[in-house]
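Novice: Sharing a sequence plus its predicted fold:
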Amino acid sequence: DPSTGNVVAPPADVANPRPEDMTTPPAVQPMISWSGPKGALSRLANGTPSGSFRSTFRSYVRALGGAGTAARSASSGRVSTARLGGFFAGVAQRGVVETAKAVGLGDLVGRDAQYVLAEFIDLLAPPGALLEDAIARKAMIETMTELFEQYQVFENGIEALDSLDALGMADLITRSVTNYINERFQQELVNCVERGSVSEADANDLLREARDFIAGIVRIEFEGIDLVAVDWVSGEGKGHVERVFRDAYSLLGNPL
């Protein structure tokens, strides 16, 4: 509610909210030339060899200014992922109730799961007024909704998140980075494809394939790191996030 600053729970009869059900400001399209990526995407959709898939990502990262620039410009994605890591590392160590109380959300106990979901999103994601913030917020909505569904929070309440462990943390952070990069890819590339040049079904297939590719990259980067034990406050966690974003874009730009 903009007039009071309060988060209003969705109606009680709305079950398992999906990311598209949560309102975010419309994204403003960046002024970037996409002739190269559009051509590669169109060729891929028309059934050309898998090399076109690599060409699509290479063109995409090049259009962003290279891997380093792409990672640096993903500021809201990095910040929200680091916040996510810090909060849920606490959940894995102390439980969701104590962790929520520590950040001023003690009134969540006994609340409807949809209300808790909205509170967590507001805690971890930017408001969404700018393009970069809107992308990060939509990615966080998707990540948190997936988390609640995975741990059956809608059925069993927020205490179900107490079963989150180190493996769950690795999966959660992987989801966060993957959802952000995939959402940014969708916003900046697919919406720039000329109307009719790629069918909706083909575009959706490409996005699913892109998501799987990005998730594989991120999982490799976090392999062997205990994300529950990471000190997210001191900057160690932020360092991990910055590195994984940079390396993900590097591999996107130079796929094998």
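Specialist: That came through fine.

Novice: Just the CA atoms of stretch 74-83, as PDB, please.
Specialist: In PDB, the C-alpha atoms belonging to stretch 74-83 read as follows (Å, rounded to 0.1, in the frame of the first residue of the first chain):
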ATOM      1  CA  ALA A  74      23.800  -6.500 -12.600                       C
ATOM      2  CA  SER A  75      24.100  -4.500  -9.400                       C
ATOM      3  CA  SER A  76      20.600  -5.200  -8.100                       C
ATOM      4  CA  GLY A  77      20.900  -8.900  -8.900                       C
ATOM      5  CA  ARG A  78      24.100  -9.200  -7.000                       C
ATOM      6  CA  VAL A  79      22.800  -7.200  -3.900                       C
ATOM      7  CA  SER A  80      19.500  -9.200  -3.700                       C
ATOM      8  CA  THR A  81      21.300 -12.500  -4.100                       C
ATOM      9  CA  ALA A  82      23.700 -11.600  -1.300                       C
ATOM     10  CA  ARG A  83      20.800 -10.600   1.000                       C
END
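
Novice: Buried residues of that stretch, list them for me.
Specialist: Residues 74, 76-83 are the ones in stretch 74-83 that count as buried (16 or more other C-beta atoms under 10 Å). (Each C-beta comes from the backbone N, C-alpha and C, glycine too.)

Novice: mind listing which of the residues you listed are in helices?
Specialist: Those of the buried residues of stretch 74-83 mapping onto helices are 76-83, per DSSP state H.

Novice: picking up where we left off before, tell me the one among the buried residues of stretch 74-83 nearest to Tyr180.
Specialist: Gly77 (3.8 Å; C-beta to C-beta).

Novice: name the element the residue nearest to the closest one when sequence neighbours are not counted belongs to?
Specialist: Nearest non-adjacent residue to Gly77, counting by C-beta to C-beta, 6 or more residues apart in numbering: Tyr180, 3.8 Å away. In the assignment (DSSP states H and E), Tyr180 maps to helix 166-188.

Novice: Show me how far that helix is from its chain's centre.
Specialist: 4 Å (C-alpha atoms, centre = their mean, to the nearest Å).

Novice: burial measure for Val91, as a count.
Specialist: 22 (other C-beta atoms under 10 Å).

Novice: Relative to Lys238, how far out is Gly128?
Specialist: The gap separating Gly128 from Lys238 is 21 Å, by C-beta to C-beta, to the nearest Å.

Novice: ditto for Ser76
Specialist: 13 Å.

Novice: swap in Leu123?
Specialist: 17 Å.

Novice: Give me the more crowded residue out of the two.
Specialist: Here Leu123 and Lys238 are set side by side on neighbour count (other C-beta under 10 Å), and the busier one is Lys238, at 20 against 17.

Novice: Please name every helix or strand in contact with the helix or strand where that one lies.
Specialist: Lys238 is part of helix 236-253 when elements are defined by DSSP H and E. Counting contacts by 3 or more C-beta pairs under 8 Å, 6 or more residues apart in numbering; DSSP states H and E, helix 236-253 is packed against helix 51-63, helix 67-73, helix 75-94, helix 166-188, helix 200-222.
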